[in-house]
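[1] mind folding the following:
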Amino acid sequence: MNDLIARVVLPMLGSKRRLADTHRARRAFAANALRPARYAPPPALTRRVRLAVHHVEGWPVYEITPAKTQPGRTVVYWHGGAYVNEIMAVHWWFLSALAAQTQTRVIVPIYPLGAALGASRVVHTSTSIARHFMDEYGSAETILMGDSAGGGLALAVAQQLRTPDVTAAGLVLISPWLDAELSDPRQPQLEPKDAMLGIAGLREAARQYADGLPLAHRLVSPINGNAAGLPPVTIFTSTADLLSPDSYRFAAACAAVGTPCQSVRSLPPRAQRAHQQAQEVINQLASSGITMR
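    Sure thing, here's the model as predicted:
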């Protein structure tokens, strides 16, 4: 798995340039809209997992299952990409390894990007899709999960799903982007250390995704939502991650209201060692029964 992910992660290194300032970010996002990236999983994935695609609420939703065993639990996963970039091969390889190594069914909604639907409709449709699969496979065996912007979306969905009768088994956030305003005073000092992300470009991406909502709105910045009543939370982050203050602030918010939150788990710096990040997440999920009630 390490070699495969290392091979496809190299193109991600250019994202720092695209997110360096507002004007570059706008040009990059316009180019994405003009020539949308392919979202389908690489054909070679079927050597190790089974793939199916459904259409739920009008979105394509992929289902990845182990090739030779029955899945014991379900993960609904939202990919990262600052809400304006499509799912990448690195995500698909990670998710196929997650399915194969942890005997997990992985559900991957392909959500519309940027202002195509906007934050409000993306969160509400994502919530409906999560509820659909929780009803089908059992909420007590379903984990909500996402990386970067997808981590923010997973948290926003979990906040929408807080009802006595429907609660996911857990919430796993990988370097999540939870504050679209990037308001933490530590972030300007972290920006030069992060190989992928820039503050100005991320704020522009957030404005497009917000589609008229204030950036502080809980559907755009779920760190401003209520942390009470959520399923058990596990957070992975890196000390060189521009978004790491979001993780620590959210962990503190969970502690303040009694929401179980496993201590923030350290990962190698993003991008340079992304394959190690992915394998670390998989190893800890496989070995510890993380987030399962």
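
[2] quick one: low-confidence ranges for the stretch 51-200 of the chain?
    For the stretch 51-200 of the chain, applying pLDDT under 70 flags the ranges 164-166.

[3] quick one, strands of it?
    In order along the chain, the stretch 51-200 of the chain carries the following strands (DSSP state E, counting those that start in this stretch): 59-66, 73-78, 104-109, 142-147, 170-174.

[4] tell me the angle the second one makes with strand 142-147.
    Taking axes from the mean of the first three to the mean of the last three Cα atoms, to 10 degrees, one finds that strand 73-78 is oriented at 30 degrees with respect to strand 142-147.

[5] who are the packing partners of strand 73-78?
    Counting contacts by 3 or more Cβ pairs under 8 Å, 6 or more residues apart in numbering; DSSP states H and E, strand 73-78 packs against helix 89-102, strand 104-109, helix 119-137, strand 142-147, helix 149-160. In this view, the C-beta of every residue, glycine as well, is placed from N, C-alpha and C.

[6] helices or strands next to the last one in the packing?
    Here helix 149-160 touches strand 73-78, helix 119-137, strand 142-147, strand 170-174, going by 3+ Cβ pairs under 8 Å, 6+ apart.

[7] the last one pairs with which strands?
    Same thing as strand 170-174. Strands flanking strand 170-174 in the sheet, each with its direction: strand 142-147 (parallel), strand 233-237 (parallel) (DSSP bridges).

[8] who's in contact with the longest one?
    The list of residues contacting strand 142-147 from outside it, by Cβ atoms under 8 Å, 6 or more residues apart in numbering, reads 73-80, 91, 130, 133-134, 152-155, 157-158, 161, 168-176, 231, 291-292.

[9] quick one: buried ones out of those?
    73-80, 91, 130, 133-134, 152-155, 157-158, 161, 168-176, 231, 291 (16 or more other Cβ atoms under 10 Å).

[10] of all the strands of the stretch 51-200 of the chain, which one is nearest residue 96?
    With Cβ to Cβ, the closest approach to residue 96 among those belongs to strand 59-66: 6.0 Å.

[11] one step back: can I get the helices and strands packed on helix 149-160 in TSV including distance to residue 64?
    Conversion of these to TSV gives the following (distance: least, Cβ to Cβ, whole Å):
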stretch	distance to residue 64
strand 73-78	9
helix 119-137	13
strand 142-147	13
strand 170-174	16
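
[12] so for residue 225, which of the ones you listed sits nearest?
    That would be helix 119-137 among the helices and strands packed on helix 149-160, by Cβ to Cβ, at 10.5 Å.

[13] so where does residue 27 fall, helix or strand?
    Here residue 27 sits within helix 22-34, counting by DSSP states H and E.
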